[in-house]
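Visitor: sharing a model prediction with you, sequence too.
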Amino acid sequence: MEPDEPGEALTELRERRLGALGLLQAAAGSGLAAYAVWVLLLQPGFRAVPLRLQVLAAHRCGLRPALGYELNPWLVGLARLHAWRAGCAGSVRFCCQDLWKVNLRDCHNVSVFLAPSVLPLLEDKLQAELPEGARVVSGRFPLPTWQPVAVLGEGLDRVWAYDVHSGSPAGQVPPGPSSASVPGAPTSPAG
């Protein structure tokens, strides 16, 4: 049996009809490709957001307006779905925007969930833009040079609360009592 020329093989494939096995192979290949995209691009974003650190929690605590910024449009859609299911879609807004390009001067309560590598830059942005007395809550990773006024939770659900004071360098405040709490959040001893 002689090997086919590439042109002959292509012609043969074009003339061949897909049978049940061919359709099954095409479906399986498409599903595998979709799963690969999900695992590599989308799943890390969905897995990384702890449910306790959503804009919805801030809204439930009475912090208005509740506004979230996220670059990943899939996560924005998921957040909007959660807001709709919680019955507060009309009073909570999620924007597909870059946090670094948004001015935060009118924000008084900020919740952040970012990688540790960008937190030093975030400290500078927050100090420059937030008004005095603003509250910042950082999830999973603490701000590197700021002193928290409260620490709640354990492990992956730990959050650090900070108050912005314009007179202190880099937003640092003298350490307060370790049992301070975030308004509207359950109190627990700091750890």
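Guide: All right, it came through fine. Quick caveat: nothing in here was measured; it's all calculated off a predicted structure.

Visitor: which element, helix or strand, includes residue 9?
Guide: Under the criterion of DSSP states H and E, residue 9 resides in helix 6-15.

Visitor: toward the C-terminus, what is the element adjacent to the worst-scoring helix or strand of the chain on mean pLDDT?
Guide: Lowest mean confidence among the helices and strands of the chain (mean pLDDT, DSSP states H and E): helix 43-48, at a mean of 51. Downstream of helix 43-48, the first helix or strand assigned by DSSP H and E is helix 55-60.

Visitor: give the buried residues for that following helix.
Guide: 55, 56, 57, 58, 59 (16 or more other C-beta atoms under 10 Å). For every residue, glycine as well, the C-beta is placed using N, CA and C.

Visitor: buried residues in stretch 128-144?
Guide: Applying 16+ other C-beta under 10 Å to stretch 128-144 flags 129, 130, 134, 135, 136, 137, 138, 139, 140, 141, 142, 143 as buried.

Visitor: no no, stretch 16-33
Guide: For stretch 16-33, using 16+ other C-beta under 10 Å, no residue counts as buried.

Visitor: off-centre distance for the top helix by length along the chain?
Guide: For the chain, the longest helix by residue count, based on DSSP state H, is helix 20-37. Relative to its parent chain, helix 20-37 has a centroid offset of 30 Å by C-alpha atoms, centre = their mean, to the nearest Å.

Visitor: flag the shaky bits of the protein, pLDDT-wise.
Guide: 1-4, 18, 38-54, 166-191 (pLDDT under 70).

Visitor: break it down into its domains, please.
Guide: Per the TED database, the domain ranges recorded for the chain read 46-51+64-99, 103-167.

Visitor: for these, which one ends up most surrounded?
Guide: domain 103-167 (a mean of 17; mean count of other C-beta atoms under 10 Å).

Visitor: now it, how far from the centre of its chain.
Guide: Averaging C-alpha positions (C-alpha atoms, centre = their mean) puts domain 103-167 15 Å from its chain's average.

Visitor: and residue 156, which of the three is it?
Guide: The three-state assignment at residue 156 reads helix, by DSSP: H, G, I helix; E, B strand; the rest coil.
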